[in-house]
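1. Build me a model from this:
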Amino acid sequence: MSQGIYIALSGAKLQERRLELLSNNLANASTTGYKSDNISASSFEFALDESMTSDGNAYNGTYTKTRQVSTDFSTGHIKNTGSPLNLALDGPGFFVVETPFGERYSRQGNFSLNKDGGLATSDGYKIKGKSLSDLGNGNVNIDSEGNVYLNGLKKGSIEIVEFEDKNSLKKEGHSLFAKTRDDIREMKPENTAVKQGFLEMSNVNVVSEMVDMIEVNRLYEAYQKMIRTIDESTGQAIKGLVN
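-> This next block holds a predicted model:
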């Protein structure tokens, strides 16, 4: 098979991956605290590969591949909701969430009270902190440092953490992030403030995502046309040899 087809095929597969990410971003444009995923131009590279064929024949050639998918951790629009259990983080910090799989991290602050009167995510996971129970017995106020007051008296605090490198986190769905390694250190929130009565919305730019989706579709069609052209040319060449 012509090397050109492999190059065009790898380019088409790359656009398929971009389309998946764009579609997921758009689907979560209204998801609280969602962070968009992207493949930047600097993530593309050309490489040699010997295992792109499925027929057992080694292929030595150049193709396009994606080095990594990156998450945009920029802060989304912070919306005033007025609900005392809605919390937004103004800064790079994360809430610590206790799940059956261990501690996870989230920017999604649309909390509710669980059966113990503690703060919980929309999926029922407990928010980590000190003395976060029985909060349904009065007025709850939370200051910028995450200290929790019940009826004017300090009750406890919400745990907020920051990371030196947020790219050391990976998505796990449901707006949760996990560490990619066990040795990644959590830091105290020196640059993060809690805002009660607010929610951080998704940082997806819908207009930009739609423009990128149009570009991806056009590039995919171009690669398809390239593959057909190369295939037809190869067929003509073989037909000429046979005749």
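2. Just give me the neighbour total for the nearest residue to S70 once chain neighbours are set aside.
-> Of all residues not flanking S70 in the chain, N38 sits nearest, at 5.8 Å (CB to CB, 6 or more residues apart in numbering). Placement of C-beta: from N, CA and C, glycine included. Residue neighbour count, defined by other CB atoms under 10 Å, stands at 16 for N38.
3. who's in contact with N38?
-> 21, 69-72 (CB atoms under 8 Å, 6 or more residues apart in numbering).
4. Same question for K154.
-> Counting by CB under 8 Å, 6+ apart, K154 touches 147-148.
5. so what pLDDT did it get?
-> K154 carries a pLDDT value of 96.
6. Three-state assignment for it, please.
-> Here K154 is strand, with the state taken from DSSP: H, G, I helix; E, B strand; the rest coil.
7. Distance check, it against D183.
-> K154 is 34 Å from D183, where distance means CB to CB, to the nearest Å.
8. Relative to E221, which of the contacts of N38 is nearest.
-> Distance to E221 across those (CB to CB) is lowest for L21, with 18.6 Å.
9. Quick check: the closest one touching A27?
-> No. Assessed by CB atoms under 8 Å, L21 is found out of contact with A27, at 10.7 Å.
10. Show me which of these two is the more surrounded one.
-> Ranked by neighbour count (other CB under 10 Å), L21 and A27 place L21 first, with 17 against 11.
11. can you pull the pLDDT of the more buried one?
-> 95.
12. May I ask you to confirm that P92 is in contact with M187?
-> No. Look at P92 against M187 with CB under 8 Å: they stay out of range, at 9.7 Å.
13. neighbour count winner among the two?
-> P92 (19 against 12).
14. coming back round to it: can you work out which residues contact both of P92 and M187?
-> 162-163.
15. burial of K239, as a residue count?
-> Residues within reach of K239, counting by other CB under 10 Å, total 9.
16. Doesn't it lie inside a helix?
-> Yes. With three-state DSSP as the criterion, K239 is located in a helix.
17. E98 reaches Y125, doesn't it?
-> Yes. Using CB under 8 Å, E98 is in contact with Y125, at 6.2 Å.
18. neighbour-wise, which of the two wins?
-> Applying other CB under 10 Å to E98 and Y125 shows that Y125 carries more neighbours, namely 19 against 16.
19. looking at the chain, which helix or strand is least sure?
-> In the chain, no helix or strand scores lower on mean pLDDT, DSSP states H and E than strand 44-49, which sits at a mean of 46.
20. what about the helices in the chain?
-> 3-27, 206-242 (DSSP state H).
21. angle of the last one against helix 3-27?
-> Think helix 206-242. 160 degrees (axes from the mean of the first three to the mean of the last three CA atoms, to 10 degrees).
22. In terms of secondary structure, what does helix 206-242 contact?
-> Contacts defined by 3 or more CB pairs under 8 Å, 6 or more residues apart in numbering; DSSP states H and E place helix 206-242 against helix 3-27.
23. domain ranges for this protein?
-> Under the assignment automatic domain parsing, the domains of the chain span 3-71+205-242, 78-200.
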